[in-house]
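>>> Following is a predicted model, sequence given first.
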Amino acid sequence: MTRIRSLALPLTALALCAGCAAGSSPAAEPEPPAATEAAAPAADTGVDALFTAEQARRGEAVYQRVCLECHTRTEFTERPFLFAWEGTSVAQVYSYIAENMPDDGPGSLPERTYLDAMAYILELNGYPAGTSELTGDLERMGAVPFESRNSGRP
């Protein structure tokens with residue numbers, strides 16, 4: 001059964017973040033380093049590792065600096081968020097964030113900021129960290145389904 005995306009957008013607007021803090025101004029940040037190696041499956045999971053632990057920590061800092069005013073961390077793992085995005089791809093979630101956040105300046109942050117925030121969202125949903133950073137390669141992200149990988153989902 002096809003989900004009605006018209007319901008997903010309002011839910012997503014409440015649940016997604018690359019920021020919506022009033023008065024936040026985009027800081028110039030360097031682009032992430034190019035991936036020098038293909039993603040390798042994380043140990044014992046069979047899931048490609050799309051980001052590094054360091055990148056997820058930067059994403060957590062983005063969340064603290066830009067997103068926290070409007071979004072709780074748990075929103076990214078709760079049912080409304082998962083209902084809106086499960087069955088899509090990591091690329092679709094990333095593209096939505098990069099095009100629509102922050103609320104007071106959609107698409108205004110550097111690409112690296114959006115990628116770091118996406119790495120943090122993936123980590124919150126149980127995706128494993130690896131040795132290559134998440135890059136803006138939509139084809140690579142598009143090949144990975146977005147889903148909660150946490151045991152004991154909400």
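Received the coordinates, thanks.

>>> Asp137 - how many residues pack around it?
14 (other Cβ atoms under 10 Å). Using the backbone N, CA and C atoms, a C-beta is placed for each residue, glycine as well.

>>> what does Thr74 give?
Under the neighbour criterion other Cβ under 10 Å, Thr74 is assigned a count of 11.

>>> ok, it to Tyr63 distance?
12 Å (Cβ to Cβ, to the nearest Å).

>>> ditto for Glu69
In terms of Cβ to Cβ, Glu69 sits 10 Å off from Tyr63.

>>> Ok, Ser95 next?
Using Cβ to Cβ, which is the criterion applied here, Ser95 is 19 Å from Tyr63.

>>> With Pro145 instead?
23 Å.

>>> out of the two, which sits in the more crowded spot?
Using other Cβ under 10 Å, the more surrounded residue of Pro145 and Tyr63 is Tyr63, with 22 against 13.

>>> which ones are touching the more buried one?
When contacts are counted by Cβ atoms under 8 Å, 6 or more residues apart in numbering, Tyr63 touches 17, 71, 73, 117, 120.

>>> Could you identify which of these has the most neighbours?
Comparing the contacts of Tyr63 by number of neighbours (other Cβ under 10 Å), Ala117 comes first, having 31 neighbours.

>>> hang on, isn't that one packed against Gly59?
Yes - in this structure Ala117 lies within contact range of Gly59 using Cβ atoms under 8 Å: 4.8 Å.
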